[in-house]
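Participant: After the sequence you'll find the predicted model.
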Amino acid sequence: MLIKHKNIRGFTLVELMIAVAIIGILAMIALPNFVRYRTRSTVATATGTCEAIRSAMAVYASNSDGHTFPVGLWDDGAAGWSDFRSVMSAVGTTLKERMQDQGFQDFIYQPIEIYGEAGSDYFFVFQTAGVPENQPGSLIEVRPSGINRWTGSL
């Protein structure tokens, strides 16, 4: 006995190709927006961390004799991260064990001497991990007066 199925329908090859093309077009539109969103999110997170560091440096200065900032307490870069964490921890700011886990690729700290008083001012420059060099926020400069986001690399 032969059974015929009259109402079985499926997708034709043309319909399937059109659906795949539409999904491809939507992906082409969404991917650049997603990458921009991810970059902005990474910069915002790093900027928030830098603001906490800036506040901790202000606490350090207010607690120190002569209201000065640290002078030469740590080397720049990954080798000095643990020393830097110790200074931040002493004033109540907890940073992650590895610089990369905190969202930074590298950093520079420079105490500045004003009128012969070492540590009167300072600046940090942090290189944000995962942010292209041509994007604002790839470098974040931290000073007592504020935070600036720049393009470039260390």
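Facilitator: Happy to help now that I have it.
Participant: Put the alpha carbons of stretch 53-66 into CSV.
Facilitator: C-alpha atoms of stretch 53-66 as CSV (Å, rounded to 0.1, in the frame of the first residue of the first chain):
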residue,chain,number,x,y,z
ILE,A,53,43.8,55.0,42.3
ARG,A,54,43.6,58.8,42.1
SER,A,55,41.5,58.9,45.3
ALA,A,56,43.9,56.5,47.0
MET,A,57,46.8,58.8,46.1
ALA,A,58,45.0,61.7,47.7
VAL,A,59,44.5,59.7,50.9
TYR,A,60,48.2,58.8,50.8
ALA,A,61,49.2,62.4,50.5
SER,A,62,46.9,63.6,53.3
ASN,A,63,48.3,60.9,55.6
SER,A,64,52.0,61.6,54.8
ASP,A,65,54.3,64.1,56.4
GLY,A,66,54.3,67.2,54.3
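Participant: Buried residues, it. List them.
Facilitator: Within stretch 53-66, the residues scored as buried using 16 or more other CB atoms under 10 Å are Ile53, Arg54, Ala56, Met57, Tyr60, Ala61. To be clear about C-beta, it is placed using only N, CA and C from the backbone, and glycine gets the same treatment.
Participant: So what touches that stretch?
Facilitator: The contact list for stretch 53-66 (CB atoms under 8 Å, 6 or more residues apart in numbering) reads 67-70, 87-88, 90-93, 95, 117, 119, 122, 124, 142-144, 146-147.
Participant: cool, stretch 128-140 as well?
Facilitator: Identification of contacts with stretch 128-140 by CB under 8 Å, 6+ apart yields 39-40, 42-43, 46-47, 50, 100, 103-105, 125-127, 147-154.
Participant: Can you select the buried ones from the residues you listed in ChimeraX?
Facilitator: To isolate the buried subset of those in ChimeraX, counting by 16+ other CB under 10 Å, use the following:
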select :39,42,43,46,47,50,103,104,105,125,126,127,147,148,149
